[in-house]
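A.B. asks: With the sequence up front, the predicted model follows.
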Amino acid sequence: MQELVNIFIKSIFIDNMIFAYFLGMCSYLAVSKTVKTSVGMGFAVIFVLGITIPINYLLENYVLKQGALTWLGDSFADVDLSFLSFIMFIAVIASMVQLVEMIVEKISPALYGSLGIFLPLIAVNCAILGGSLFMQERAYNSIVEATVFGLGSGIGWFLAIVAIAAIREKIRYSHVPGPLRGLGITFIITGLMGIAFMSFMGIKL
């Protein structure tokens, strides 16, 4: 249980997708103009990461990596399909994103309209594929650990985009020099938030 808590906390604060690896920056910058749209996008990312990483974990360990097909028989012990990892991971992600898109369009057409093209673009969001590749690299021991990592990574991305959206809403009423308005000041604030999140690296887990 302690290991799961460690993975969860680490994926949110220490290995934050935005502030530690700067993954998913396109959606982070484009959708973070209002808190409402940021919350919708954040929940969509949590759902996609929480679903795709466990599925890709099962694919990795029971289909793709060398020896994964031994459950079909000893003759498959030397089969290595790891070269298919990218295309299989992306196929799973695209399927889940399509599901999210249909759900959001059905439940909240207004949110669907405000998210625009960036909702289907979750399929090519590098933070989503990055989560699956980190899972593959770190070789988690169970699907539970992979799921906790996926949810933690999604929550970390959610916190990042909602935080920057709240700040961007406030600075509209602040005096920002002309050349820095818009993305300029957003990049500066993101860098400062990234430095702030570096303080979590001192946590001993």
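C.D. replies: In hand now; what should we look at?
A.B. asks: contacts, neighbours, all on C-alpha from now
C.D. replies: Fine.
A.B. asks: Go through the strand or helix carrying Q136 and flag the buried ones.
C.D. replies: Assessed by DSSP states H and E, Q136 sits inside helix 126-138. Neighbour-count burial for helix 126-138, with 16 or more other C-alpha atoms under 10 Å as criterion, is recorded at 126-133, 135-136.
A.B. asks: which residue of the chain sits farthest from its center?
C.D. replies: Distance from the C-alpha centroid of the chain, by C-alpha atoms, centre = their mean, peaks at S75 (37.3 Å).
A.B. asks: where's that residue relative to S82, distance?
C.D. replies: 17 Å (C-alpha to C-alpha, to the nearest Å).
A.B. asks: How about I14?
C.D. replies: Distance from I14 to S82, by C-alpha to C-alpha: 29 Å.
A.B. asks: more crowded one of these two?
C.D. replies: Neighbour count, other C-alpha atoms under 10 Å: between I14 and S82, I14 has more, with 20 against 16.
A.B. asks: That one and I195 touch, don't they?
C.D. replies: No - the pair I14 / I195 is not scored as a contact, 11.4 Å apart, by C-alpha atoms under 8 Å.
A.B. asks: Buried residues, the longest helix seen in the chain. List them.
C.D. replies: As assigned by DSSP state H, the longest helix anywhere in the chain is helix 143-171. For helix 143-171, the neighbour count (16+ other C-alpha under 10 Å) marks 143, 145-168 as buried.
A.B. asks: Nearest residue to I12 in space, please, no chain neighbours.
C.D. replies: G156 (4.1 Å; C-alpha to C-alpha, 6 or more residues apart in numbering).
A.B. asks: Roughly how far does the one you found sit from N16?
C.D. replies: In terms of C-alpha to C-alpha, G156 sits 6 Å off from N16.
A.B. asks: Now do the spatially closest residue to A166 that is not a sequence neighbour against L159, distance only.
C.D. replies: Of all residues not flanking A166 in the chain, V35 sits nearest, at 5.8 Å (C-alpha to C-alpha, 6+ apart). Note on V35: its distance to L159, by C-alpha to C-alpha, is 11 Å.
A.B. asks: just how off-centre is the helix or strand of the chain with the lowest mean pLDDT within its chain?
C.D. replies: In the chain, no helix or strand scores lower on mean pLDDT, DSSP states H and E than helix 109-115, which sits at a mean of 81. Centre-to-centre, helix 109-115 and its host chain are 20 Å apart (C-alpha atoms, centre = their mean, to the nearest Å).
A.B. asks: what's the answer for stretch 17-30, then?
C.D. replies: So, by C-alpha atoms, centre = their mean, the centroid of stretch 17-30 is 9 Å from its chain's centroid.
A.B. asks: ditto for stretch 55-68
C.D. replies: 21 Å.
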